[in-house]
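Asks: I would like the atomic coordinates for the input below:
(chains A and B)
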Amino acid sequence: MKNDNVINKGQQSDAVPGKTGDFPGETGGLNSFWDKLTANRKLVGTLRAILFIIATLVFIISSIIFVIYGVPVLTEMTSGHKTLVTNDKDFRQNPAYKKQTALITKDIQRLSRKYSAYTSGQSYIVINTTDNRFFLYQNKKLIREGFCSSGSYTMLQTSGNKKWVFKTPKGKYWIQGKTTNPVWKKPDWAFVEEGLPIPSSNDFSRYEYGVLGDYALSIGDGYMIHGTIYKRFLGMPVTHGCVRLNDEDLEVIYKTLNIGSKVYIF
Amino acid sequence: METDNDNKSSGGKIALLILVIICSSFIVYFTVMSMLGPSRRLAEMKKEYSSEQSDNKKEKDKGKEKQDSRNFTDSAYLRLIKERALLQSRLIMAETDSIYLTINLADSSMNLEISGVVVHKSKMSSYKASKILTHGNENIIFEMLSTPLTISSDIATIKKEPVMVKMAPKDTSEYKPDIMPDTSITEPVSYILEMTNGTRIFVYQQEEEKPADRMAIFRFDLNDRLRQTWKALKRVAVFKVPEYDLYIKIKLPRADAKIIYRAIPKKGQISVFL
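Replies: Below you'll find the model as predicted:
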């Protein structure tokens, strides 16, 4: 212990303050810093408090992380043991096994037949309202695809609390009517939307010519697949619920689909 | 004075130590209780899907199945019962005019169908499922999957119907024609479909090239984990085993994920093929 002091003192005396050369003063500097630090009880207390806070925070955070992320992993580890697939050839020769697999195979064939009956060879159209695209099928083969416009999801609301939501209905529909050179009979919302007074049901102002293109195919409830004069909006959700197409696509669809053809909208 | 301080600090140390021990014990207790969840769920499923065959006629079948439990070690037999379960489930859904979803984990595909017609196909980039679904228990799992799963609720980062409210103009002077909609919006797409039988289907967008996308997925996932942990903590606090939910986590291209979420009805049906 005495020797240690001697060495320390010797080192301290050799040190030239402010010089770094071979760093002879560094150990001495550190020691004196440590001495000062231990002498300053207040500082030590503060450092201890900081360390304590950091340790507490680390403990809390790691506990939370463990509970949120670790526990589900551990839970999953206990949930299931994979069945060993042996594919025993002798077992496959077992008459009971053969009978059972034959029964299931028969069942699958019956179910498959029933399921494929849903997709007949008839022409149908699929309309994707999220991407505003259409797909036309004939004999289960895709024959044409392109852009369309579907409902804008706008809710038109009057001060009298009357509401209309312009969305294309989703699900399975079928062609209920086909028209050439259709005339648009404007519904009430078309007047409300423009701030015009609503005319009587058969007023001449309700009839507009040439805005629906050359053809229209009705799918029920007033919804139609028709042409448009706003071709720059194709591929966008801008309509009041109908499906708009460009002239060429509309003509092909009109000629391909018959009354009763399915329309799948999603 | 110094002794007082020493006493205080040692008292604080003891209090801290007690707190750490209590917290650690609770975490251990919570972990053990959570780990009991899957076996409890499996027992419930066994009860639910085996009790369907409780009448006399079906009891005979059950007996047969029991005799042939070795069948489940045969891959050909497993493939057949999987296929049958999927077809049974799809047929039930096809009988409605509604849009439904088929998740085929075997070939990593997810299809939207209406009355037996596939209207949209998508390919998942990766998936993860509960071990209960993928490891063993075939007789129960395929019995469960032979009927479609029905959505009870959903949580999503996007709106199912992005309705915008527009007030009607009072007269023609107030009328403004519609502006072109902004189709460039690429909001992050993640959602959870919760089924009536407790199964949860997570769909995350595959694209994570932007830090904002990664952050959005992380935040969405963290929120759900916090909700589930809170639910589990509430149960554990009253000495009940937390509910274990079967799950399937799927990563899909953003566009496909969005299409599926917007297309599937609120109480839509889903069939799963493992």
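Asks: tell me which element residue B:245 is part of?
Replies: Using DSSP states H and E, residue B:245 maps to neither a helix nor a strand.
Asks: burial of it, as a residue count?
Replies: 17 (other CB atoms under 10 Å in any protein chain shown). C-beta here means a position set from N, CA and C on the backbone, and glycine is covered the same way.
Asks: in contact with it, which residues are there?
Replies: Counting by CB atoms under 8 Å, 6 or more residues apart in numbering or on different chains, residue B:245 makes contact with B:41, B:198, B:199, B:200, B:228.
Asks: list the contacts of residue B:204.
Replies: B:190, B:217, B:220, B:221, B:249, B:250, B:251, B:252, B:257.
Asks: same thing but at 7 Å, please
Replies: Counting by CB atoms under 7 Å, 6 or more residues apart in numbering or on different chains, residue B:204 touches B:190, B:217, B:251.
Asks: and the residue in chain A positioned nearest to chain B, which of the three is it?
Replies: Residue nearest to chain B within chain A: residue A:118 (2.7 Å; CB to the nearest CB). Here residue A:118 is coil, with the state taken from DSSP: H, G, I helix; E, B strand; the rest coil.
Asks: could you report the pLDDT at the residue nearest to it when sequence neighbours are not counted?
Replies: Leaving aside its chain neighbours, residue A:118 sits nearest to residue B:116 (2.7 Å; criterion: CB to CB, 6 or more residues apart in numbering or on different chains). Model confidence at residue B:116, given as pLDDT, is 89.
Asks: which of the contacts of residue B:245 has the most neighbours?
Replies: That'd be residue B:199 among the contacts of residue B:245, by other CB under 10 Å, with 22 neighbours.
Asks: quick one on the thing from earlier: next one: the residue nearest to residue A:118 from residue A:175, what distance?
Replies: To residue A:175, residue B:116 is 19 Å away according to CB to CB, to the nearest Å.
Asks: these two: which is more packed in?
Replies: Under the neighbour definition other CB under 10 Å, residue B:116 and residue A:175 were set side by side, and residue A:175 has more, 22 against 18.
Asks: can I assume residue B:207 is in contact with residue B:255?
Replies: No - the criterion here is CB atoms under 7 Å, and residue B:207 misses it with residue B:255 at 9.3 Å.
Asks: who has more neighbours, the two?
Replies: residue B:207 (19 against 16).
Asks: near chain A, which residues of the stretch 101-250 of chain B show up?
Replies: Residues of the stretch 101-250 of chain B lying close to chain A (CB under 7 Å from any CB of the partner chain) are B:112, B:114-117, B:119-120, B:130-132, B:135-138, B:161-172, B:174-175, B:178, B:180-181, B:183, B:225-226, B:229, B:244.
Asks: quick one: buried ones out of the residues you listed?
Replies: The neighbour count (16 or more other CB atoms under 10 Å in any protein chain shown) marks B:112, B:114-117, B:119-120, B:130-132, B:136-138, B:162, B:166, B:168-169, B:181, B:229, B:244 as buried among those.
Asks: from these, which ones fall inside helices?
Replies: Among those, DSSP state H puts B:131, B:132, B:138, B:229 in helices.
Asks: pLDDT value on the nearest residue to residue B:152 once chain neighbours are set aside, please?
Replies: Nearest non-adjacent residue to residue B:152, counting by CB to CB, 6+ apart: residue B:196, 4.6 Å away. On pLDDT, residue B:196 comes in at 93.
Asks: chain B: strands as residue ranges?
Replies: Assigned by DSSP state E, the strands in chain B fall at B:99-104, B:109-114, B:117-123, B:126-129, B:149-156, B:164-167, B:190-195, B:200-205, B:247-252, B:269-273.
Asks: ok, now the stretch 1-150 of chain A?
Replies: Per DSSP state E, counting those that start in this stretch, the stretch 1-150 of chain A has strands spanning A:124-128, A:133-138, A:141-147, A:150-151. These are given in chain order.
Asks: which of the ones you listed sits most buried?
Replies: Counting by mean count of other CB atoms under 10 Å in any protein chain shown, strand A:150-151 has the highest mean neighbour count of those, with a mean of 26.
Asks: does it reach chain B?
Replies: No - counting by CB under 7 Å from any CB, no contacts exist between strand A:150-151 and chain B, the nearest distance being 9.8 Å.
Asks: so what's the residue count around the closest residue to residue B:156 other than its chain neighbours?
Replies: Nearest non-adjacent residue to residue B:156, counting by CB to CB, 6+ apart: residue B:191, 3.5 Å away. For residue B:191, the count of nearby residues is 21 (other CB under 10 Å).
Asks: my guess is residue B:40 contacts residue B:240. True?
Replies: No - if you go by CB under 7 Å, residue B:40 and residue B:240 don't touch, sitting 9.9 Å apart.
Asks: between the two, who's got more neighbours?
Replies: Set residue B:40 next to residue B:240 and count neighbours by other CB under 10 Å: residue B:40 wins out with 15 against 12.
Asks: got the contact list for the residue nearest to the more buried one when sequence neighbours are not counted?
Replies: Excluding the flanking residues, the one nearest residue B:40 by CB to CB, 6+ apart is residue B:241, at 5.2 Å. Residues near residue B:241 by CB under 7 Å, 6+ apart: B:33, B:36, B:37, B:40.
Asks: OK, contacts around residue A:165?
Replies: A:155, B:163.
Asks: and the next helix or strand past the helix or strand hosting it?
Replies: Taking DSSP H and E as the criterion, residue A:165 maps to strand A:163-166. Per DSSP H and E, the first helix or strand lying C-terminal to strand A:163-166 is strand A:171-174.
Asks: ok, and what's touching that next one?
Replies: Under the contact criterion CB under 7 Å, 6+ apart, strand A:171-174 has outside partners A:219-220, A:260-265, B:97-99, B:114-115.
Asks: repeat that with 10 Å
Replies: For strand A:171-174, the external contacting residues (CB atoms under 10 Å, 6 or more residues apart in numbering or on different chains) are A:122, A:124-125, A:127, A:218-221, A:223, A:225, A:257-266, B:96-99, B:114-115, B:117, B:119, B:263, B:265.
Asks: for the one residue in the stretch 151-274 of chain B that gets nearest to chain A, which phi and psi angles does the backbone take?
Replies: Residue nearest to chain A within the stretch 151-274 of chain B (CB to the nearest CB): residue B:169, separated by 3.5 Å. Dihedral pair for residue B:169: phi -70, psi 150, per degrees, to the nearest 10.
Asks: next: residue A:202.
Replies: phi -110, psi 20.
Asks: JSON lines please, covering the strands of the stretch 1-150 of chain A and showing mean pLDDT.
Replies: Shown next, in JSON lines, are those (pLDDT from 0 to 100):
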{"stretch": "strand A:124-128", "mean pLDDT": "96"}
{"stretch": "strand A:133-138", "mean pLDDT": "95"}
{"stretch": "strand A:141-147", "mean pLDDT": "94"}
{"stretch": "strand A:150-151", "mean pLDDT": "94"}
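Asks: switch these over to JSON lines; also include distance to residue B:212.
Replies: Listed next are the strands of the stretch 1-150 of chain A as JSON lines, based on distance: least, CB to CB, whole Å:
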{"stretch": "strand A:124-128", "distance to residue B:212": "26"}
{"stretch": "strand A:133-138", "distance to residue B:212": "27"}
{"stretch": "strand A:141-147", "distance to residue B:212": "29"}
{"stretch": "strand A:150-151", "distance to residue B:212": "28"}
